[in-house]
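>>> have a look; sequence and predicted model below, questions after that.
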Amino acid sequence: MQIAVPTVAGAVLLVSACFVLLYRCRVKVFAKFHVHPFDMDECEHEDMAFDAFVSCAWPDDELAQEIVDRLERGNVEEGDRRGG
C-alpha cells in the first residue's frame, strides 16, 4: 500500500500534466502533425451553392436577417453585387 498510493498519484499527475501541455500547445501540435479535428463538412450530402456565416452587432440585426433571407432565396440583385 505504501508503494501503490504514490505510484498511482504520480501517474495521475503525469497524465494530467500531459493533457495540460497538449491543451496549451494544441494549435502547434495540430499544425505540426497536420491534424485537423474540426475540419469536416457538416453539409456533406446537401446540395448547396455556398456556405456562409453572417455575424453582426445587435443594432444591425434587421440588416443581417435581410442578407440571410436574400442568400437563402438566391435573390441577389445586380446592384447588390456591385455594392450599390
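Good, I have the coordinates. Numbers count the residues shown, from 1 in each chain.
>>> give me the longest helix you can find in this structure.
Taking DSSP state H as the criterion, the chain has its longest helix at helix 4-24.
>>> report the mean per-residue pLDDT for that one.
For helix 4-24, mean pLDDT is 89.
>>> repeat that for stretch 30-45.
76.
>>> which residues sit against it?
V29, D51 (Cβ atoms under 8 Å, 6 or more residues apart in numbering). To be clear about C-beta, it is placed using only N, CA and C from the backbone, and glycine gets the same treatment.
>>> now do the SS call for the residue sitting nearest the centre point of the chain.
Nearest to the mean C-alpha position of the chain, by Cα atoms, centre = their mean, lies F38 at 6.3 Å. Applying DSSP: H, G, I helix; E, B strand; the rest coil to F38 yields a three-state assignment of coil.
>>> ok, back up a step: now the longest helix of the chain, how far from the centre of its chain.
Its chain's average C-alpha position is 28 Å from that of helix 4-24, according to Cα atoms, centre = their mean, to the nearest Å.
>>> stretch 54-63 now?
Worked out by Cα atoms, centre = their mean, stretch 54-63 lies 21 Å from the chain centre.
>>> stretch 58-68 too?
23 Å.
>>> give me the contacts around it.
V54, S55, C56.
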